[in-house]
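Engineer: sequence and predicted structure are below.
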Amino acid sequence: MSLKGKVALVTGAAQGLGKGFTRILLTHGAKVSLLDVNEAAGAELKRSLDGDFGADSTVFLPCDVTSDAQLKDAFRRTLETFGRIDIVCNNAGILDENAWERTVSINLCAVVRGTYLALQHMKKESGGQGGVIVNVASVAGLGPLLSTPVYTATKHGVVGFSRAIAEVSKVCDYGVRVNVLCPSFTNTAILSNIEDDRTTGQFARLKDISKKMLQDAGVLDVSEVAEGFLQLVTDEGKNGSVLMVTKAGTAYVTFPQVVKDLVASPSVVL
Ligand SMILES: NC(=O)C1=CN([C@@H]2O[C@H](COP(=O)(O)OP(=O)(O)OC[C@H]3O[C@@H](n4cnc5c(N)ncnc54)[C@H](O)[C@@H]3O)[C@@H](O)[C@H]2O)C=CC1
Ligand SMILES: CC/C=C\C[C@H](O)[C@H](O)/C=C/C=C/C=C\C=C\C(=O)C/C=C\CCC(=O)O
């Protein structure tokens with residue numbers, strides 16, 4: 001799929017991985033709606049991107065993804081600005097085992113909210129033109145990260161939810177692909193949480209184990225993860241795919257088939 005003329009909406013776009021996803025989308029000709037709760041960082045990125053790609057290529061929309069009203073308004077303003085939405089990346093996320101309810105609200109509930117809003121605007125049965133959704137989980141969505149059990153739960157939830165919605169989209173012929181990106185440790189601000197007792201809370205005593213895991217796994221550059229993101233966006237054969245990005249490279253994750261493929265069953269009448 002060519003990105004020229006396509007419009008993307010990226011949450012948590014102001015820094016880190018969201019900034020990397022934004023830049024690779026712009027480099028390949030897309031326009032991007034940047035959503036972030038950090039207004040200062042978002043405005044600064046917008047100024048920088050204006051210089052590199054022109055002011056018409058992006059719009060920055062201050063948005064807290066935990067607010068249904070703010071996220072709905074951001075989708076509306078994206079459509080007002082660019083006239084369409086083809087790509088949605090639900091990327092915003094935090095790691096905070098103390099404020100664990102907020103972690104669930106941002107990392108999982110807001111991904112569900114963003115996915116449903118994306119489908120509302122993109123699915124063919126409601127007059128949309130189809131598209132692709134990339135939800136950002138983590139390697140912690142594939143296996144337990146003992147120092148961050150709630151973060152782990154949210155990322156497992158993103159994987160499970162996204163794979164199920166991808167099946168819904170296939171069966172209901174929405175014309176929307178839904179995929180999951182599972183990066184390993186990547187050089188962004190969130191990594192500093194490993195050392196921070198304020199965010200690791202009752203699990204701070206396990207930080208040395210996390211640090212050992214990080215040393216063993218290595219640390220990715222944002223650009224390495226952004227390439228995996230681009231793969232999920234542009235490969236039109238990928239729906240329900242889970243791409244893991246580690247220092248060893250990228251690999252699509254295979255899962256045990258615990259639920260019979262009902263779609264193939266003639267008894268399923270839609
Ligand atoms: N850096 C890493 O090692 C990995 C990160 N991830 C995931 O990648 C995603 C991006 O994280 P990073 O770029 O690493 O972290 P980051 O902390 O650098 O960036 C996160 C961005 O999300 C924004 N954000 C936070 N809460 C928000 C809210 N309520 N509404 C709107 N925006 C909000 C922040 O302002 C920030 O710009 C997260 O979902 C994270 O869990 C996954 C695997 C590895
Ligand atoms: C303490 C957590 C701090 C930050 C969390 C990060 O944001 C991120 O979400 C968590 C990443 C967790 C990674 C855990 C293990 C990673 C292992 C590897 O990358 C490499 C080893 C095996 C991968 C499988 C394979 O390549 O065969």
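Structural biologist: Yes, it's here. Ligands and ions are numbered 1, 2, ... in the order given.
Engineer: hey, let's count contacts and neighbours off CA atoms from now on
Structural biologist: Fine.
Engineer: tell me the first helix or strand C-terminal of the helix or strand bottoming out on mean pLDDT in the chain.
Structural biologist: Of all regular secondary-structure elements in the chain, judged by mean pLDDT, DSSP states H and E, the least confident is helix 197-200 with a mean of 91. Counting by DSSP states H and E, the next helix or strand C-terminal to helix 197-200 is helix 207-217.
Engineer: for Val176, phi and psi?
Structural biologist: When read as degrees, to the nearest 10, the backbone of Val176 gives phi -120, psi 130.
Engineer: surely it is in contact with His121?
Structural biologist: No - Val176 is beyond contact range of His121, at 10.3 Å (criterion: C-alpha atoms under 8 Å).
Engineer: neighbour count winner among those two?
Structural biologist: More neighbours sit around Val176 than around the other of Val176 and His121, counting by other C-alpha atoms under 10 Å; the figures are 27 against 21.
Engineer: residues contacting the more buried one?
Structural biologist: Contacts for Val176 (C-alpha atoms under 8 Å, 6 or more residues apart in numbering) come out as Leu119, Met122, Lys123, Gly130, Gly131, Val132, Ile133, Ala166, Ser169.
Engineer: partners of it in the sheet?
Structural biologist: For Val176, the beta-bridge assignment (DSSP bridges) gives partners Gly131.
Engineer: pLDDT wise, what is it at?
Structural biologist: We have a pLDDT of 98 for Val176.
Engineer: quickly note the distance from Cys109 to Val65.
Structural biologist: Applying C-alpha to C-alpha, to the nearest Å, the value for Cys109 to Val65 is 9 Å.
Engineer: who has more neighbours out of those two?
Structural biologist: Val65 (27 against 18).
Engineer: hmm, Asn107 and that one touching each other?
Structural biologist: No - in terms of C-alpha under 8 Å, Val65 does not count as a neighbour of Asn107; the distance is 9.5 Å.
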